[in-house]
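Participant: Okay, sequence plus prediction incoming.
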Amino acid sequence: MNLIFTILIDGLTYASWLFIVALGLTLVFGVLKILNIAHGSFYALGAYVTATLVSLAASWALPPAMSLVAMLLAAVLVAVLVAPLTERGLLRFFYGRDEVLLVLVTYAMFLMMEDLTKLIWGANPFYVSEPYGMFGNIDIGSQTYVGYDFMLVALAVVVGLGVWWGLNRTRFGAHVFLVGDNPTSARLMGIDAVSVKTRAFTLTGVIAVFCGLMTSVYGYYFWPTTGDGFLLNTIASVFLGGTSVFGGTGSVIGSFVASYIIGAINAGIVSAGINAFYTQLCFGLVIVISVVLQTIIDRKIRRQSITGR
């Protein structure tokens, strides 16, 4: 019983930060139809900048609470600078063209940002754990859990509700859906489609960097290639959560449920002592199956719309 409960708790913790990253990809791909392969690089960049600022705060003998302030400054600094520059300086030139071009461009950027991280911080692993113990421990039954994990779960709920409210209860959210569905119609209605895409892409950058900074203090080493492993899990969560592989639809609730399923699978594999490489195989199969099923469903819908049957 303790093992099952531990798997559920570990799965929920893993799902929390996975959900935050998946939210950004759901927004930028599921709504704006931009499959940003560089999304994982934003995550890794946020982790490195956070680790640097937290290390500086520790070296100056500042209170641990100042580490949290440094983390928030890192999120704002990186996201506000990198995300708009990426969208305005690169992606904007490929809007309205074949989606494959966007995939290739964002993948190239993914590789460049990874190498840039190596040039700035080196190829050796980075380690920081300063704010991780600030929230103490929580005893549940005979098991002891770190309070920071539960704080991350609560934070994921707050971020998820905030994004859902922003997309479904604000004018900006309505504009995002309109631009994602039909940019031409949105422009005819007086909506600045380019500005909407810039702000939406910046928001996804903030979300990815924010998740990177929150998980960088987990007390384990991370590398410049940290974003590689998280990207596959994130894409699996997005597609499993109901986002169409063709873009145009995205669900915050669906991403949350899918993230927990992915988290439970990951925790179960780790607890069972199974080789970690099988997790990547499992998540890869999730993506392949999602693509195949959605392609079949899309063809069936198209056929019915043509034949009327």
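Facilitator: Yep, it's here. Predicted model only: the values in this text are computed from it and were never measured.
Participant: where along the stretch 1-150 of the chain do the helices fall?
Facilitator: With DSSP state H, counting those that start in this stretch applied, the stretch 1-150 of the chain shows helices at 2-25, 39-59, 65-89, 99-121, 147-168, listed in chain order.
Participant: Q304: which of those helices is closest?
Facilitator: Each of the helices of the stretch 1-150 of the chain was scored for nearness to Q304 using C-beta to C-beta, and the closest is helix 99-121 (24.3 Å). Every C-beta, even on glycine, is put in place using the N, C-alpha and C of the backbone.
Participant: Pull out the buried residues from the closest one.
Facilitator: Within helix 99-121, the residues that count as buried by 16 or more other C-beta atoms under 10 Å are 102, 105-106, 109-110, 113-114, 117, 121.
Participant: Name the residues of stretch 232-247 that come out as buried.
Facilitator: Quick answer for stretch 232-247 (16+ other C-beta under 10 Å): 232-245, 247.
Participant: quick one: low-confidence ranges for the stretch 1-150 of the chain?
Facilitator: Under the criterion pLDDT under 70, the flagged ranges of the stretch 1-150 of the chain are 1-3, 30-32, 64-65, 67-68, 70-71, 74-75, 126-135, 141.
Participant: in the stretch 151-300 of the chain, what spans have low per-residue confidence?
Facilitator: Those would be 216-229, 244-250, 276, if you go by pLDDT under 70 across the stretch 151-300 of the chain.
Participant: who touches I7 in this structure?
Facilitator: 264, 267-268, 271 (C-beta atoms under 8 Å, 6 or more residues apart in numbering).
Participant: how near is it to Y260?
Facilitator: To Y260, I7 is 12 Å away according to C-beta to C-beta, to the nearest Å.
Participant: Likewise for V157?
Facilitator: For V157 relative to Y260 (C-beta to C-beta), the value is 12 Å.
Participant: what does A200 give?
Facilitator: A200 is 25 Å from Y260, where distance means C-beta to C-beta.
Participant: For those two, indicate the residue with more neighbours.
Facilitator: The residue with more neighbours, out of A200 and Y260, is A200; 25 against 19, by other C-beta atoms under 10 Å.
Participant: Tell me which residues of stretch 180-190 come out buried.
Facilitator: For stretch 180-190, by 16+ other C-beta under 10 Å, it's 180, 183, 186.
Participant: about what we covered before: top of the contacts of I7 by neighbour count?
Facilitator: The most crowded member of these, judged by other C-beta under 10 Å, is A267 (20 neighbours).
Participant: and that one, what does it touch?
Facilitator: 6-8, 10-11, 14.
Participant: F42 now?
Facilitator: Taking C-beta under 8 Å, 6+ apart, one finds 24, 78-79, 82-83, 204-205, 208-209, 212, 227 in contact with F42.
Participant: swap the cut-off to 10 Å and go again
Facilitator: 21, 24, 36, 78-79, 82-83, 86, 110, 113, 204-212, 227 (C-beta atoms under 10 Å, 6 or more residues apart in numbering).
Participant: Skip the chain neighbours and tell me the closest residue to it.
Facilitator: A208 (3.8 Å; C-beta to C-beta, 6 or more residues apart in numbering).
Participant: was I right about S259 contacting A236?
Facilitator: Yes: the criterion here is C-beta atoms under 10 Å, and S259 meets it with A236 at 9.4 Å.
Participant: Which neighbours do those two have in common?
Facilitator: Shared contacts of S259 and A236 (C-beta under 10 Å, 6+ apart): 18, 22.
Participant: which one is S16 nearest to, not counting chain neighbours?
Facilitator: Leaving aside its chain neighbours, S16 sits nearest to A156 (3.8 Å; criterion: C-beta to C-beta, 6+ apart).
Participant: For that neighbour, give its distance to D10.
Facilitator: Between A156 and D10 the distance is 15 Å, computed by C-beta to C-beta.
Participant: Equivalent analysis for E114, please.
Facilitator: On the measure of C-beta to C-beta, E114 and D10 end up 28 Å apart.
Participant: returning to that earlier point: quick one: which of the contacts of I7 is nearest S251?
Facilitator: When the contacts of I7 are compared for distance to S251 (C-beta to C-beta), A264 comes out closest, at 19.0 Å.
Participant: Skipping its backbone neighbours, what lies nearest that closest one in space?
Facilitator: G11 (3.6 Å).
Participant: returning to what we had before: wait, the residue nearest to S16 touches V252, no?
Facilitator: No: if you go by C-beta under 10 Å, A156 and V252 don't touch, sitting 11.2 Å apart.
Participant: thinking again about what came up before, out of the contacts of A267, which end up buried?
Facilitator: Among these, the ones that count as buried by 16+ other C-beta under 10 Å are 6-7, 10-11, 14.
Participant: now these as TSV including distance to L281?
Facilitator: As requested, the buried ones among the contacts of A267 are exported to TSV (distance: C-beta to C-beta, whole Å):
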residue	distance to L281
T6	23
I7	19
D10	20
G11	18
Y14	17
